[in-house]
Every structure is written in structure tokens, then in C-alpha cells.
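[1] what follows is a predicted protein model with its sequence.
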Amino acid sequence: MATLRPLLLFAACLFALAAIGQAQGPGGDDDPAGERSGRALLLEINGAIGPATSNYIVRGIERAADERAELVIIQMDTPGGLDSAMREIIKAILNSPVPVVTWVAPSGSRAASAGTYILYASHVAAMAPATNLGAATPVPVGGGQPASPAEDGAGGKQADDDDEPAPQRGGPEAKAIEDAVAYIRGLAERRGRNADWAERAVRESASLTAERAVETQVADLIASDMGQLLREIDGRSVSTEAGDVVIRSEELTVDRVAPDWRTELLAVITSPTVAYMLLLAGIYGLMFEGYNPGAILPGVVGAICLLLALYAFQVLPVNYAGLALIVLGILLMIGEVFMPSFGVLGIGGIVAFVVGSIILMDTDVPGFGIPTLLIGSIAAVGGTAVMAIVWVALRARRQPVVSGREDMIGAMASAVTDFHGRGQVRTHGELWNAESGVPVGAGQTLRVTGMKGLVLTVEPYEPREN
């Protein structure tokens, strides 16, 4: 027992040290929440908010938590974007243990539509001078009309306290608006911001300048540059998923997080223009493979392009009536090659293709339209091809027949041997049995005047004299 006592005491000390270490965490003697990494991560939103943007922002916020960064700054300039992508970003912000500051910058930028929701969800909402936010009315996918009755330079109606309430709407649009109102009011109440104006931004497409946003408690502060932003938010207390945090930002090092290759690839694939081109390449590739079995390359490329296009379309605001019209238009233009419609199928295909391309993407969703110049260029190429096919067909109809009985009548032949009655002649490089009512000599030039079965009727050829 005397020997075991030191061992038991030593084991007890080890267990005590292990318990203390577990309670303190991997940071050692201090609480990890109190550790100062001295870093802030800068994420940037420039342009429409789509799947690539949400992937980039969500991964950036998760990285900040993993690397124990003290702050996440989202510098934003956006006309809006897709609802699904916006909600993914907001979920990441609401569940972030690291404070998230959204800064509408530089001057001249905006946080319209989806950007307004993100600004409301952030722990700190900052704006640069000469920026604006608002116009947050949801736009129905599939060709619906925007809900705002009037537009200004910010894409929405400038809000004043004595404006008349917006007229009520019915149907699916009203449901979408009510859902959006409840969502943005919940964000406003969680962050202690102006919930009434947030509702007006949804119902009336109202918008505000940076100065008015701060006055009406929509935004927290105005900062013209990064240094001023860090000074202004220093010492603010915010409530995060990990608890209340006091921001110590004045001496932080700001590290810009660039999108990785995966995000860049996703951004390229889900670009409406690229998705549109992938769709066309996929359809044409598979059709070329069908017309030329064994070519392999068109089929492989077409299948890959079509799968990428379908992936992009499932995350883009696609009008499927437009997609169907594009496919119909391509089929009609291809049908022009095989059916003698003299341009009817081709012209109909071009019309269907152009109309489908125009309505393919919901053009009311900011940043998700297809350039009309691209549509016009592809339609012009297709139209030129159809017209070329029609021209070739008409020209072929006017050409003399180059095979069969019609081609043989009037053809020149050469007698192989002397004969009177039946003998052999050579014409078109072939030997034929022939009949002649007059004697002919070997090598004499003859003209075919008729054809009975496989026997030609010939006569001596006498050139006309001028």
C-alpha cells in the first residue's frame, strides 16, 4: 500500500490536469472566446447574387469560425439576385459565432433587393456615402411583373414618411410578398432595426440613401473607407450565435478572401449566358452524333455540355416555356434540312428559337438575363444557314438531271465496233448495248435518242454548223 500511494497520487494529478485542460479547451489557460487572432476576413459581393456567390460567402463565414477570426466584413454592391442564394447567405450570418459586418461600398454602390435582406441580417450594417438600399419586393420567377409601381435611379421608389400605402395584390404574388414581409421583419426585430421601413421596402419597393438609412435606424453607420469602418465599429457589442461579443477592430489586419477555383467554376457554369451556350452545344452535339454514328466526339461533348446546362438551369430562374420553344426551334431548323418545306420549317424554327431565348431567363431577376446581342447573333447564324439550305435546294431543282433515263437521252456515245442493227457503244465510261438504223463504224461519235430497257437507240452525231 505504501508503494501504491505515490502512484495513485500521481494518477489523480494527471486526471486533474486533463480535466482542467478540457475545461480550458485547446487554447490553454485562456478561454478561446477571449483569444485575439488580430484578423478580419473580407468577403466581396459584386453583382447579382446567385449560387456561386452564396457558396463563396457561406464558406468564407465558416472559414472565419474555423480560423478564429475576430470579424467578417462583407463588402457589397448588388442589384439583387436569387431568393434561394440570399437565404443561404442569411442562414450562415445568423448562425455565425463571428460578428458579420455588411458594408455597402464603395460610394455609388447599392444593396437592392436581396442585398437589403442581407444588410438587415448582419450584426452591423454599414454604408459608404452616396450608396442606397431597398427595392426589396420579391419578383416571381417565370415572367411575372415587378411589384413596384414607380421606379427611381436606385431601382425602387424613394420612401418618405407621408407616402400612401401600396395597393394590395392578390394571388401568388400576394403570398410571396407576405412571406417576404414576415422574413425581413423577423430579421429587423432580431437586429433591432426599423421593421416598419423594411416592410415598406418589400410592399412598395421603397429605397433609402445612406444618410436616410442611418437616420431611420435601418443602417448603423456611414464609413467612407475601411479604416473609418474599423474605427466606427470598434467597441460595439453584438449578439452572435456564440453569445454577446464586443468588437475590437481598430487594430485588426484585414485579409481579403478571394473565391477559390470551385466557386469560380460554379460562377462560370451558372452564368445565364454560359448556361444558354452549353444548352445549344449539348443539343447540337447529340444531334450531330445521331446523324453520324461513330463520330464519338460530338456525342461526348454534347452530353457533357447538356448535363452542365441542366445543372445550371436547376439553380437559375428558368422559364421552362422558353426552354421548350428553344428546343422546338432547333428541331424545326434541323427538319428544314430533311423536308422540302422551302423555308417554312426553318423560318418557324428561327421565330420559336428567338422567342424562347428571350423568355428563357426571368429577366426581372437582376443580373440573370441573356444579352439580346447574343440571341440576335445566334439567330442570324441559324437564319443564314436555313436560307442557304433553301437556296441550294432551289438551285438544285433548276439543274439538269445527272442520272437515270433523263440523263441518258441526248448523251454522246462512241461505237465500240462496226455494226448495223445491234452492237455496243461506250457512254459515261460504261458499255451499253445499242441499236442503230444506219451502219456505224468503230470509234464513230453517236448520240443517244432513246432507251428501251437496257438497250440504247443511237444515231450518228452531226454537229450543227453555225
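    Arrived safely.
[2] contacting residues for residue 51?
    Counting by Cβ atoms under 8 Å, 6 or more residues apart in numbering, residue 51 makes contact with 82, 84-85, 266, 270, 315. Just so you know, the C-beta spots here come from the backbone N, C-alpha and C atoms, and that holds for glycine as well.
[3] pick out whichever of those residues sits closest to residue 76.
    residue 85 (13.3 Å; Cβ to Cβ).
[4] circling back: drop anything exposed from the contacts of residue 51.
    Neighbour counting with 16 or more other Cβ atoms under 10 Å marks 82, 85, 266, 270, 315 as buried within the contacts of residue 51.
[5] coming back round to it: kindly reformat the contacts of residue 51 as JSON lines containing pLDDT and secondary structure.
    As requested, the contacts of residue 51 are exported to JSON lines (pLDDT from 0 to 100; DSSP: H, G, I helix; E, B strand; the rest coil):
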{"residue": "82", "pLDDT": "84", "secondary structure": "coil"}
{"residue": "84", "pLDDT": "85", "secondary structure": "helix"}
{"residue": "85", "pLDDT": "88", "secondary structure": "helix"}
{"residue": "266", "pLDDT": "80", "secondary structure": "helix"}
{"residue": "270", "pLDDT": "79", "secondary structure": "coil"}
{"residue": "315", "pLDDT": "62", "secondary structure": "coil"}
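[6] would you point out the most distant pair within the buried ones among the contacts of residue 51?
    Every pair of those checked by Cβ to Cβ; the farthest is 82 and 266, at 13.1 Å.
[7] picking that back up, nearest to residue 426, of the contacts of residue 51?
    Within the contacts of residue 51, the smallest distance to residue 426 is 68.0 Å, found for residue 270 (Cβ to Cβ).
[8] am I right that the closest one is in contact with residue 310?
    No. With contacts defined as Cβ atoms under 8 Å, residue 270 does not count as touching residue 310, sitting 11.9 Å away.
[9] give me the number of residues near the closest residue to residue 385 other than its chain neighbours?
    Leaving aside its sequence neighbours, residue 385 sits nearest to residue 333 (Cβ to Cβ, 6 or more residues apart in numbering; 7.4 Å). By other Cβ atoms under 10 Å, the residues close to residue 333 number 22.
[10] dihedrals phi and psi, residue 333?
    Dihedral angles phi and psi of residue 333 (degrees, to the nearest 10) take the values phi -70, psi -40.
[11] what's it in contact with, if anything?
    345-346, 349-350, 353, 382, 385-386.
[12] measure it to residue 56 for me?
    39 Å (Cβ to Cβ, to the nearest Å).
[13] then residue 392?
    51 Å.
[14] count of residues packed around the residue nearest to residue 237 when sequence neighbours are not counted?
    Computed as Cβ to Cβ, 6+ apart, the closest residue to residue 237 that is not its neighbour in sequence is residue 246, at 5.0 Å. Residues lying near residue 246 (other Cβ under 10 Å) number 10.
[15] change the start of the numbering to 298 and stick with it
    Renumbered: residue one is now 298, and that last one reads residue 543.
[16] can you pull the pLDDT of residue 543?
    At residue 543, the model reports a pLDDT of 94.
[17] related to what we said a few turns ago, Serialize the contacts of residue 348 to TSV and add fields for distance to residue 492.
    Supplementary listing: these in TSV, determined by distance: Cβ to Cβ, whole Å:
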residue	distance to residue 492
379	24
381	24
382	24
563	34
567	33
612	31
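[18] nearest to residue 713, of those?
    Nearest member of the contacts of residue 348 to residue 713, counting by Cβ to Cβ, is residue 567, at 73.5 Å.
[19] how near is that closest one to residue 624?
    Counting by Cβ to Cβ - residue 567 and residue 624 are separated by 20 Å.
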